[in-house]
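Participant: Predicted model follows, preceded by the sequence.
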Amino acid sequence: MTAGQAPLLEVRDAVLSFGQTPALRGADLSVAAGEILAVMGPSGSGKSTLLHCMAGILVPDSGEVRFDGRRVDRMREPERSELRRDRFGFVFQFGQLVPELTAEENVAMPLLLGGTRRGPALAEARGWFPRLGLDGLGGRRSGELSGGQAQRVALARAMVARPDVLFADEPTGSLDSLTGEQVMEQLVDAVRENGTTAVIVTHEARVAACADREVMVRDGKVTSLRLERTGP
Amino acid sequence: MNVPLTLLGLLERQSSHGYDLKRDYDTYFSPGKPLLLGQVYSTLGRLARDGKVVVGPTEPGAGPDRKRYVITDRGATEVEEWLTEPVETEQHLQTELFTKVVLALMLGRDASAYLDLQRTAHVARMRELTEVKRTGMLIDKLLADHSMFRLEADLRWIDVTQARLGALAEEVRK
C-alpha cells in the first residue's frame, strides 16, 4: 500500500469467537484500492473468518472493520447485505452455483438482485462467457459443467456487477494444478481489468504468488512480512 | 545439470558449431545462467578425446568458431542410456534451510521468524516465476513450473516445521 493512501479495507484489532473457540485474536489488516492480497495460513488459523468479517458476512465481537471509510461492524444486517450485493463479489471453493439455473442465469443473478431487468442482465452475463473460455456453455446447468468451468462461471458471477472488492475463499482448492492456474490467471486478469481490489484466502503458495502481497494468519492474528534482504 | 550429456544430446539432434551449441543450451536449459564458451570447448574436447564426438574440418567463413562437431555412435548410445535412466533421488538431503532451523533451535534463536522470512522469500520468487509463466514461451513455463513445484515442496516443509517447532526445540536441546 502506498504511504499516505487511505486503505479501502481495514480491520483493526478484530476479535471473534465461536462459542468457547477463539477464531480471531486481535487481527489487523489493511488493503489498498486495486490491490490483490493473498491471505494464507494453516487450517483453523482464522483466515476464512477474517475474510468473512471483512466482507460483512460475520461481525467481530470487538474491533473495527472499515470499507471505504465506513464502519462495516456497526452496520445492521440489511445494510451489510446491501453492501455485499452492490459493492462486493464472492468466489468460494466449490463455486456454489444455483443448480436449478443455467450458467447464464447464475452469472446474471447479482444484476437481477440489484434491479437490472432480465434482458439486459442476461445480455451482460453472456458477455463474460467468451472472455473466460466458456463459449457455448451459457445454457448448461451446474451439473453439466466441469469443476474448472463451474469455477469460471462463479468468477463471472462475482465480477458481473463490477464490484469494488472480490473476496475469494480457496478459489482453486477443488481444482487440479493446471485448471487452477487457468482460473487464477482469469481471476487476476478480470480484477486488474476492472480495477477491482481482491482478497484471496488460500493455502496454496502458487495462488498467493499471483497476488501483489501476502499475509499470514496464525492463531487468529495477521503477520505481514516484507523482505528486507534476499540473501542467505 | 550434466553438461557433457546435454551437449551430446543437442549434437544428436544435429551437428553443430560450438557457439551454436552454447546458444541452444542457454536458451533451453539454462536461461539467465549462460555457459561459458570456454567450458563448451573444453567439454567438446573431452567428448572428442573419449570418442563420443568427432570434429569436422574447419569450415570457411568469418569468426573463430568454424569447426563442426558430430556425435558418434558411442556418444549416441550414451545419450540413449542417460535419457532412459531415472535421475538419482536425493538420499541424504541436508539443506541449508534445515541446518539453519536446527541450529537456531539449538542456540535458542527465533527459528519461527526465520521460517516466516524464508516463506516470504520463497513466495516472492514464486511471484517472479508466475510472471515468467504469464509472459514466456511454453518451454519457459515448463522450467518455471519445475522451480515452483520445488519451492512449494519447501513451503510445505516450512509449514509442517513451523507447527512442530516447540517439540523440535525440546528434542535438539536435550
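Facilitator: Perfect, thanks for sending it.
Participant: ok, which residues in chain B are in contact with chain A?
Facilitator: When proximity is defined as C-beta under 8 Å from any C-beta of the partner chain, chain B approaches chain A at B:96, B:116-117, B:119-124, B:126-127, B:129-130, B:133-134, B:148, B:151-152, B:155, B:159, B:163. All C-beta atoms are positioned from the backbone trio N, CA, C, and that covers glycine.
Participant: Just the buried residues of those.
Facilitator: Among the residues of chain B next to chain A, the ones that count as buried by 16 or more other C-beta atoms under 10 Å in any protein chain shown are B:116-117, B:119-124, B:126-127, B:129-130, B:133, B:148, B:151-152, B:155, B:159.
Participant: Select from those every entry located in helices.
Facilitator: B:116-117, B:119-124, B:126-127, B:129-130, B:133, B:148, B:151-152, B:155, B:159 (DSSP state H).
Participant: Tell me the residue of chain A that sits nearest chain B?
Facilitator: Nearest residue of chain A to chain B: A:Ala209, at 3.6 Å (C-beta to the nearest C-beta).
Participant: how about the nearest residue to that residue, chain neighbours excluded?
Facilitator: Once flanking residues are discounted, A:Ala209 sits nearest to B:Met126: 3.6 Å by C-beta to C-beta, 6 or more residues apart in numbering or on different chains.
Participant: Would you give the sheet partners of the one helix or strand A:Val215 maps to, along with the direction of each?
Facilitator: Taking DSSP states H and E as the criterion, the element that holds A:Val215 is strand A:213-218. When pairing is defined by DSSP bridges, strand A:213-218 lines up against strand A:36-40 (parallel), strand A:221-223 (antiparallel).
Participant: could I get those strands as JSON lines with mean pLDDT, distance to B:Asp50 and mean neighbour count?
Facilitator: Below are the strands paired with strand A:213-218 laid out as JSON lines (pLDDT from 0 to 100; distance: least, C-beta to C-beta, whole Å; neighbours: other C-beta atoms under 10 Å in any protein chain shown):
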{"stretch": "strand A:36-40", "mean pLDDT": "95", "distance to B:Asp50": "51", "mean neighbour count": "25"}
{"stretch": "strand A:221-223", "mean pLDDT": "93", "distance to B:Asp50": "55", "mean neighbour count": "18"}
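Participant: just to revisit the earlier point, and the pLDDT at the residue of chain A closest to chain B?
Facilitator: On pLDDT, A:Ala209 comes in at 93.
Participant: Quick check: it touching B:His122?
Facilitator: No - the criterion here is C-beta atoms under 8 Å, and A:Ala209 misses it with B:His122 at 9.2 Å.
Participant: neighbouring contacts of the helix or strand containing A:Glu124?
Facilitator: For A:Glu124, the enclosing helix or strand under DSSP H and E is helix A:118-131. In this structure, residues lying in contact with helix A:118-131 by C-beta atoms under 8 Å, 6 or more residues apart in numbering or on different chains are A:103-105, A:107-108, A:111-112, A:116, A:134-138, A:156, A:159-160, A:186, A:190.
Participant: Can you list which of those residues are found in helices?
Facilitator: Among the contacts of helix A:118-131, the members falling in helices (DSSP H) are A:103-105, A:107-108, A:111-112, A:156, A:159, A:186, A:190.
Participant: Number of residues surrounding B:Gly75?
Facilitator: For B:Gly75, the tally of surrounding residues (other C-beta atoms under 10 Å in any protein chain shown) stands at 25.
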